[in-house]
Every structure is written in structure tokens, then in C-alpha cells.
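1. Provide a 3D model corresponding to the input given below.
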Amino acid sequence: MTQNEFRGIRKRAAFIAIGGALAIWSGACNKEDDTATTRIQVIDSSSTASWQPTEDTGTVYRIAIYSPRGADTIRNVIPPAPIIIGDSMVMGLVQFFEDSSTPQRQIFRLRLGDHRVETSPLPDDVWAAYQDVLISPDGRYIAYVAEDTTPVNPGTYGLVRDLKSGLVVLRGPGGGGCDCDEDLNHARWFPPDSFEIAVAHRNTNGTWQRLSGKASASRKHVDTLPDEPDWH
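-> I've put the predicted structure just below:
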């Protein structure tokens, strides 16, 4: 199997995952009182130009959000799956087109009942090929793999940033990266604001450097993983 074929399988798995995750949420909510819950459903998907620098085309989703405050539709949603924050907001990523340039990813916020989607750019240092840009379950932080191209500290590293202020909360050691043409990095959150970010790291003899901790306490721990985690 070639690198491109393998990358294609990983991408398709990610696209399937967003639909599966939202379907699970929707199914779980349907078992409760629909007048007191918020649920998300995938309406359809389509192929279009991709934000991913190594891909010509990608998949975007149209989702419906139902809550006691009404219904909303959001287009051009991309993985990872959007999250429901309490009973007031839904957040996730959309692919944003500006003129005829390459599409970019942005963060969307839907305040339930306002029926208006707000968008904002991702931080400038998000690695261009990184997939798992994740908002914390409480909506306060964003975890991702950042890229530093300066001679002093080249490469990639895990990073957690406060969404409201934009300030860096926690940062892993620099020097990450690999001789590969695909994204081998991963992240995940544990409610409300504990996290793990695994970075393919050339400074750890081909293993993964893990940055973990609790964002609200600015507490972090760095160790290594011998194998690539499956956190999608």
C-alpha cells in the first residue's frame, strides 16, 4: 500500500467518524425528551476543494442542530465532530472560502436560540496538515499541534490555547516532526479540560511525545508513547 493510499484511508475514516459520532449523539438524545435536549444530525455531505494542503478534494457536511430554542443548519462542517457545550452553544470547525484562494478552516460558534453562526480563524501556528484540532468539552480551550519554523526551535509541538484570550496555556517541547507525508499526530480531551496530545517526534527516536495535563490548572506532563495512539 502506498503512502497516498494509506492517507486516503485515514481521511475517509475521519469523514465516516464525524457522521457516526453525530448519529450516536442524535440517537442518544432521541431516547430522552426532545423538548429538553440538544441534538445534532448530519443532513448530507458533498465533495469540494479541500483545506488540506496535500489534498485536492475533501468532504464537507451539512448538519442540523435541534434544541428547545429552535433549529439551525450549518454548512461546510468538517471533522472533528462538533461539540455541544451545556445547553447554550455548539462549537466546531467549518471550511471557509474567501475569494478564489485555497479554503481555510475556521472555528464556528452557534449560540442556541440566536440562529446566527459566528466564525473566527484558527490560531496562526496550527500546523497546516494537522487534523485533530479539538475544542475542550467546556468550550474554553483549544488543543492542537503547532508548528514553529524559526531556526531557534524548529518543528512541531503540542499546544493548548485559551480561546477567549488567545493566550498559550500549555506548550510541549519543540523539535517534533517526522519524515512522512501524512498526519501522524493525535489529540483528545477528557471532561471538562484534561487533555492529551501525541506528536510524532524525531527527537524521541521515532516514538510519539505525549503532552498531557489539565488546562485550567496549567498543569502538564511530558512522556513518550512507543506506538501511534488511535484517538480518533
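2. just checking, Q52 touches T59?
-> No: the pair Q52 / T59 is not scored as a contact, 10.7 Å apart, by C-beta atoms under 8 Å. Using the backbone N, CA and C atoms, a C-beta is placed for each residue, glycine as well.
3. per-residue pLDDT, N205?
-> As predicted, N205 sits at a pLDDT of 69.
4. sorry, wrong one. I was asking about R75.
-> Note on R75: pLDDT of 96.
5. strands of this protein, start to end?
-> In the chain, the segments counted as strands under DSSP state E are 39-49, 57-67, 70-85, 89-96, 104-111, 117-121, 134-135, 141-148, 155-162, 168-171, 186-190, 194-200, 208-214, 219-225.
6. how about the fourth one: buried residues?
-> The one in question is strand 89-96. By neighbour count on 16 or more other C-beta atoms under 10 Å, the buried set for strand 89-96 is 90-96.
7. adjacent strands (with direction) for that strand?
-> Sheet pairing here is set by DSSP bridges, and for strand 89-96 it gives strand 70-85 (antiparallel), strand 104-111 (antiparallel).
8. export those to JSON lines and append columns for distance to P154.
-> Shown next, in JSON lines, are the strands paired with strand 89-96 (distance: least, C-beta to C-beta, whole Å):
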{"stretch": "strand 70-85", "distance to P154": "27"}
{"stretch": "strand 104-111", "distance to P154": "23"}
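9. will you turn these into a markdown table that also has mean neighbour count?
-> Below are these laid out as a markdown table (neighbours: other C-beta atoms under 10 Å):
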| stretch | mean neighbour count |
| --- | --- |
| strand 70-85 | 19 |
| strand 104-111 | 18 |
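10. dihedrals phi and psi, the residue positioned nearest the centre of the chain?
-> What sits nearest the mean C-alpha location of the chain, by C-alpha atoms, centre = their mean, is V133, with 2.7 Å. With angles defined as degrees, to the nearest 10, V133 sits at phi -80, psi 110.
11. surely it touches A146?
-> No: using C-beta under 8 Å, V133 is not in contact with A146, being 10.4 Å away.
12. give me the common contacts of these two.
-> Residues touching both V133 and A146 (C-beta atoms under 8 Å, 6 or more residues apart in numbering) are V126.
13. residues touching the nearest residue to L184 once chain neighbours are set aside, list them.
-> Among residues not flanking L184 along the chain, A200 sits closest, at 4.2 Å (C-beta to C-beta, 6 or more residues apart in numbering). The contact partners of A200, taken as C-beta under 8 Å, 6+ apart, are 156, 176-178, 180, 184-185, 208, 228.
14. show me which of these are buried.
-> When the contacts of A200 are checked for burial by 16+ other C-beta under 10 Å, the buried set is 156, 176-178, 184-185, 208.
15. list the ones among the residues you listed that fall in helices.
-> The members of the buried ones among the contacts of A200 all map outside helices under DSSP state H.
16. backbone dihedrals for L167, please?
-> The phi/psi pair for L167 (degrees, to the nearest 10) is phi -80, psi 150.
17. OK, contacts around it?
-> Taking C-beta under 8 Å, 6+ apart, we find L167 in contact with R161.
18. from V160, how far out is it?
-> Distance, L167 to V160, by C-beta to C-beta, to the nearest Å: 10 Å.
19. F96 now?
-> Distance of F96 to V160, given as C-beta to C-beta: 23 Å.
20. got it, and V133?
-> Per C-beta to C-beta, V133 is found 12 Å from V160.
21. could you do G172 as well?
-> Taken as C-beta to C-beta, the span from G172 to V160 is 9 Å.
22. comparing the two, which residue is more hemmed in?
-> More crowded of G172 and V160, by other C-beta atoms under 10 Å: V160, with 27 against 24.
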